[in-house]
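Colleague: please find the sequence and the predicted model below.
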Amino acid sequence: MRVAIAGFQHETNSFAKVKASLAKWQEAGILHGDEIVKEYKESKATIAGILSRLGTETDVDLVPLVFSRLMPMGHMTVEATDYLVNEILKLIEEQGPWDIVFLAQHGAAVSDKYKDPDGEVAERVRAIVGPDVIIVTNLDMHGNISRKLVANSDIVKVYQTNPHLDTFERAFESADLAVKYFKGEIKPTMYLSTPPLVVNILKQGTSDKPMSDLLKFAELEMKNSKVLSVSVVEGYPYSDVPQMGMTFLAITNNDAALAESVANKIGLHAWNMRADLNGVATSTEKALAEANNQSEKPIVLFDVGDNVGAGTPGDSTFVLHAARRLGVSGVLQALCDPAIVKLCASLGIGARVEAEVGGKFDDMHGTPFPIKGIVTAITNGTYAETKPSHGGFLYYNDGPSAAIKTDDGYNILLTSLPAMSSSLLQFRNAGLEPLDHKIIVVKGVHSPRPAYEAIAKKMYWLDTAGASTADLSNFKYAHRRFPMYPFEEDTSWDAKD
């Protein structure tokens, strides 16, 4: 087998103001060849799962071509889209022929050029390799999956956990199906069910009801030996595109009618749960007051509106301002503020600093937070998380960072890059022990859970404003389907649309 691996992963927030420019992709790293293997082989990410399964075959010419992933933010620019798409197409064409092509994508990319870059890549790769080459597309559970993508892929596999802890396993399974298809043992046949349904980000935790019940229902379909795979796809509500929303994908062994029946059956089950799949967050003031009165620590507050993993700048100050108004101290939080990191680095550890931190990227995430305090640490912001983490990634880079202990009792970690709260090492590498703090504010909804759920005495998801707020009524969509639940509560669906 001659096998290619290529792709780019981006979760695009249409309401975020920082564009995913080519310069940002280059800063994150556009990897070629052995660079891809070096970065991902020891991780638990998608590419690691593909490499692991193909490594069990004795006669495989495996060629990693190009891969890049960028933190979620606004639309991909035309320049970035053209570069990444053309690089994939050029290398696939120049280094072919192929038996199998793996496209390690995300599913929720949006660009200024295409509303569906993931589908565009699949379609254009298919045009190059022809109908007989097996195309496998691996996607995130937050993908907004289009019919174009499915029509141009032979196998589509999607993570089934959120936080995403099964990335390796789902990619391994996709490679296993591809090998069996190549050997003539199966003939994957897919169907995508697309109800007009959005599930609120607060209800997307797969270990929580009702999502856990929906996944169990879907798994029952795997008892049929002709069903090769089922995927519940939560979708990404911050991408303003026609394919935005939940989707349900079934793969059978050469049975199109069964694939359609299974996908629609799961879709209808979700549709009947639609009211339970939407909810509201806790007010910031209420959560802070209750956390302050708790005798045990730490209490973890999820800043939903500034979910860096959903494309926000990571510098929201709403929680800190509210804590100060309420007289709540003992708060640990990370904020992105590269200018003040540089100031702290010039002053040095132990120096006093007076500054305004955070709230500077845009007008959606608060105003700068005035502080006076002591610089307690300066780091390069890199760390490796070997424990289970969202997405299965191993290496993290928050950029040069500095820790400040304020005179009024806050410990603030300033980063140079928007930083997800995926690992306790983020704080520990700067000498800040999460277990010593009464209240920890984390940026995210589900991605911080593998790190923080084990130590939290209680958790609150906050109704904070921002580009990832849980209140979707704050956004003006121009491209989504209409009608769509819950935006139009009287929306109907009978699985035949």
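Modeller: Cool, got the structure.

Colleague: gap between residue 179 and residue 1?
Modeller: Applying C-beta to C-beta, to the nearest Å, the value for residue 179 to residue 1 is 7 Å. The way it works is simple: take the backbone N, C-alpha and C, and place the C-beta from them, glycine included.

Colleague: okay, and the common contacts of these two?
Modeller: Residues touching both residue 179 and residue 1 (C-beta atoms under 8 Å, 6 or more residues apart in numbering): 54, 57.

Colleague: who's more crowded, those two?
Modeller: Taking neighbours as other C-beta atoms under 10 Å, residue 179 and residue 1 compare with residue 179 leading, 21 against 16.

Colleague: and the pLDDT at the residue lying closest to that one once chain neighbours are set aside?
Modeller: Excluding the flanking residues, the one nearest residue 179 by C-beta to C-beta, 6 or more residues apart in numbering is residue 57, at 6.4 Å. The confidence metric pLDDT takes the value 92 at residue 57.

Colleague: ok, residue 57 touching residue 1?
Modeller: Yes - counting by C-beta atoms under 8 Å, residue 57 does reach residue 1; the two are 6.9 Å apart.

Colleague: identify the contacts common to those two.
Modeller: Residues touching both residue 57 and residue 1 (C-beta under 8 Å, 6+ apart) are residue 179.

Colleague: which secondary structure elements does the host helix or strand of residue 124 contact?
Modeller: Assessed by DSSP states H and E, residue 124 sits inside helix 117-129. Applying 3 or more C-beta pairs under 8 Å, 6 or more residues apart in numbering; DSSP states H and E, one finds that helix 117-129 contacts helix 78-95, strand 100-104, strand 134-139, helix 147-151.

Colleague: what residues does it touch?
Modeller: Contact with helix 117-129 is made by 7, 10, 76, 81, 85, 88-89, 92-93, 96-98, 101, 103, 105-111, 114, 135, 137, 139, 143, 146, 148-149, 151-153, 243, as judged by C-beta under 8 Å, 6+ apart.

Colleague: again, only using 6 Å
Modeller: 85, 89, 92-93, 98, 105, 107, 109, 111, 114, 137, 146, 148-149, 152-153 (C-beta atoms under 6 Å, 6 or more residues apart in numbering).

Colleague: can you check stretch 326-334 too?
Modeller: Applying C-beta under 6 Å, 6+ apart, the external contacts of stretch 326-334 come out as 288, 292, 323, 409-413, 415, 419, 437-441.

Colleague: and those, which are buried?
Modeller: By neighbour count, with 16 or more other C-beta atoms under 10 Å, the contacts of stretch 326-334 hold 288, 292, 323, 410-413, 415, 419, 437-441 as buried.

Colleague: OK, contacts around residue 429?
Modeller: Contacts for residue 429 (C-beta under 6 Å, 6+ apart) come out as 379, 383.

Colleague: pLDDT wise, what is it at?
Modeller: Residue 429 is given a pLDDT of 95.

Colleague: and it, how far is that from residue 486?
Modeller: In this structure, residue 429 and residue 486 are 41 Å apart, going by C-beta to C-beta.

Colleague: just residue 475 next, same as before
Modeller: Distance from residue 475 to residue 486, by C-beta to C-beta: 13 Å.

Colleague: again, but for residue 248
Modeller: For residue 248, the distance to residue 486 (C-beta to C-beta) stands at 18 Å.

Colleague: thinking again about what came up before, what's the burial count for the residue nearest to residue 179?
Modeller: Residue 57 has 14 nearby residues by other C-beta under 10 Å.

Colleague: ok, now residue 356?
Modeller: Neighbours of residue 356 under the rule other C-beta under 10 Å: 15.

Colleague: surely it is in a strand?
Modeller: Yes - assessed with DSSP: H, G, I helix; E, B strand; the rest coil, residue 356 lies in a strand.

Colleague: in its sheet, what does the least confident helix or strand in the chain by mean pLDDT sit against?
Modeller: Here the helix or strand of the chain ranked lowest by mean pLDDT, DSSP states H and E is strand 395-397, holding a mean of 88. Strands that pair with strand 395-397, judged by DSSP bridges, come out as strand 382-384 (antiparallel).

Colleague: picking up where we left off before, show me what the very next helix or strand once past the least confident helix or strand of the chain is in contact with.
Modeller: Later in the chain than strand 395-397, the nearest helix or strand by DSSP H and E is strand 401-406. Counting contacts by C-beta under 6 Å, 6+ apart, the residues outside strand 401-406 that touch it are 341, 344, 371, 373-379, 381, 411-415, 430, 432.

Colleague: so which bits of strand 401-406 are buried?
Modeller: Buried residues in strand 401-406 (16+ other C-beta under 10 Å): 401-404, 406.

Colleague: what of stretch 173-193?
Modeller: Neighbour-count burial for stretch 173-193 [16+ other C-beta under 10 Å]: 173-182, 186, 188-193.
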